[in-house]
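> kindly return the folded structure for what I paste below:
(one chain, ligands or ions: 1)
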Amino acid sequence: MISVQHVSKTFRSGGTVTAALQDVSLEVAEGEIFGVIGQSGAGKSTLIRAVNLLERPDSGTVTVDGDELTALAPAELRRARRKIGMVFQHFNLLAGRTVRGNVELGLEIIGVDGEQRRRRALEILDLVGLDDKAGAYPAELSGGQKQRVGIARALAGNPKVLLSDEATSALDPETTRSILDLVKKINTDLGLTVLLITHEMDVVKRICDSAALIEGGRIVEQGRIVSLISTAGSRLAHELFPLGDAPSLPGDTVIDITFSGGSADRPVIAQLARTYGLDVSILGAAIETIGGNQAGRTRLALPGSPAGNARPIEDLRSQGMLVEIVGE
Ligand SMILES: Nc1ncnc2c1ncn2[C@@H]1O[C@H](COP(=O)(O)OP(=O)(O)OP(=O)(O)O)[C@@H](O)[C@H]1O
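All right, here's what the predicted structure looks like:
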C-alpha cells in the first residue's frame, strides 16, 4: 500500500548540511500498522512527511495505493493526497472552529456540500467517541479528546492510509493507551493502513504489526514483529524485551531464549531442568502480548560451558525457540 524506495533528503541551512534520510526503503502492506521507531533527530518526521510529499525527497520514489506520488503533477498530487489522512503530535486544530467545524474542514476544501459534510462529520465523531462534543471548541477539550478530533478530521475524507506523526507523544500514559486502541480499532474496522512514527517502544508493542528502526537517516532493520522476534541479533526484538547487559558468570553459560506463539505456553524451563538434570537459574524475563500473542525473552544460566550445554541448547532450538548464547 505504501512503498518508499531509495529516498534521500538533505537539508542545507546556513553552512550546515544534514543528511536527514539516506537511501530509505520501506514497504507497508495493505491493512497493517507499521511503526517507524527512532531517537530524536533520526529522521522520523522527515520520513513521514516524505510519504505525502509535505517534504519532497531529493531522490527516490514514493508510491501510495498504486500512485507514484513523486511522479505526479501538482493537480494529480492533490487528488492522490486525498487517500492519505494525517494526525499530528500537537493536534493542529483551529481554535476558532467547533469540533464539527474542524472535522469538516478538509471536506469543505474539496467542495463537499454542507449537509453531506455535517452528516459525515457526525458519523466520524461517533466512531471516535466524541459525538457529544460536536459543538465544543478545542479549548474545552482534554488532550486525548483533541487527538480524537485530529483523528476524526484525518478520517473524514475516507482515506486509505493514515499517517501518524508522534500522535501520542503529548499525552499521558493512560490517554496514550486509549488513543492507540482507537487507532487499532480504526485499522480493524475500516481496514485502514497505518504508518506511524514514534520514539516509544510501547507504541510499537501495543499496536504495530511491523516495525522499522531508523538511525541517522537510515533504516537499520525492518520486518514483521513476529519475524523480528525470532531473528537472532535483532535490535528491535532486544528493545521489545529488554533484559539489559548479560552478566559474566564464569563456569556458567548464559542464554537468552525468545519464546513466541505456542512455545510461550509450554513449561520449557522445567522440562529442561528435568530432562538434563540441570540446575537452571532464571536471571531475567520480559514477557509481552504482541499482536494478541504471548511472546518474550527469558535469560537463564546453565551450569557448565557452552560446549557442555550443546545438547539442551540444540533441544530448545529444535522446539522452535531462538536461543542466543550471551555470556559464559
Ligand atoms: N527543515 C529543516 N532544515 C534543516 N534541517 C532539518 C530540517 N528538518 C529536519 N532537519 C534535520 O534533519 C534531521 C532529522 O530530523 P527529523 O525531524 O526528521 O528527526 P526526528 O527523528 O523526527 O526527530 P524528533 O523525534 O526530535 O522530531 C535532524 O538533524 C534535523 O535537525
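
> so what's the residue in the stretch 51-200 of the chain that the ligand sits nearest to scoring on pLDDT?
Across the stretch 51-200 of the chain, the shortest distance to the ligand (C-beta to the nearest ligand atom) belongs to residue 199, at 5.5 Å. Placement of C-beta: from N, CA and C, glycine included. The model reports residue 199 with a pLDDT of 93.

> and the residue nearest to it when sequence neighbours are not counted, how far is that from residue 184?
Spatial nearest neighbour of residue 199, excluding adjacent residues (C-beta to C-beta, 6 or more residues apart in numbering): residue 39 at 6.2 Å. To residue 184, residue 39 is 25 Å away according to C-beta to C-beta, to the nearest Å.

> repeat for residue 141
Distance from residue 141 to residue 184, by C-beta to C-beta: 22 Å.

> the two: which is more packed in?
Between residue 141 and residue 184, counted using other C-beta atoms under 10 Å, the more crowded position is residue 141 (18 against 15).

> ok, and the closest non-adjacent residue to the residue nearest the centre of the chain?
Among the residues of the chain, the one closest to the centroid is residue 35, at 2.1 Å (C-alpha atoms, centre = their mean). Spatial nearest neighbour of residue 35, excluding adjacent residues (C-beta to C-beta, 6+ apart): residue 208 at 3.9 Å.

> all strands of the chain, in order?
Here the chain has its strands, by DSSP state E, at 2-13, 16-28, 33-37, 59-64, 67-68, 84-88, 161-165, 193-198, 210-215, 218-224, 252-260, 281-290, 293-303, 322-327.

> tell me, how many residues neighbour residue 135?
Using other C-beta under 10 Å, residue 135 has 10 neighbouring residues.

> try residue 99
With neighbours defined by other C-beta under 10 Å, the count for residue 99 comes to 27.

> one more: residue 157?
Neighbours of residue 157 under the rule other C-beta under 10 Å: 18.

> hang on, isn't it packed against residue 110?
Yes. When contacts are counted by C-beta atoms under 8 Å, residue 157 is listed as touching residue 110 (7.1 Å).

> mind listing the shared neighbours of those two?
residue 82 (C-beta atoms under 8 Å, 6 or more residues apart in numbering).

> tell me which residues of stretch 216-226 are tucked away?
Using 16 or more other C-beta atoms under 10 Å as the test for burial, stretch 216-226 gives 217, 219, 221, 222, 225.

> go through those and name the one nearest residue 275.
Ranked by distance to residue 275 (C-beta to C-beta), the buried residues of stretch 216-226 are led by residue 225 at 30.7 Å.

> please list all residues in contact with residue 84.
When contacts are counted by C-beta under 8 Å, 6+ apart, residue 84 touches 51, 52, 64, 159, 160, 161, 162, 163.

> same question, residue 44
Going by C-beta under 8 Å, 6+ apart, residue 44 touches 36, 37, 38, 166, 197, 198, 199, 214.

> what do you get for residue 249?
Shown in contact with residue 249 (C-beta under 8 Å, 6+ apart): 301, 327, 328.

> any idea how many residues pack against the residue of the stretch 51-200 of the chain closest to the ligand?
Residue 199 has 14 neighbours, counted by other C-beta under 10 Å.
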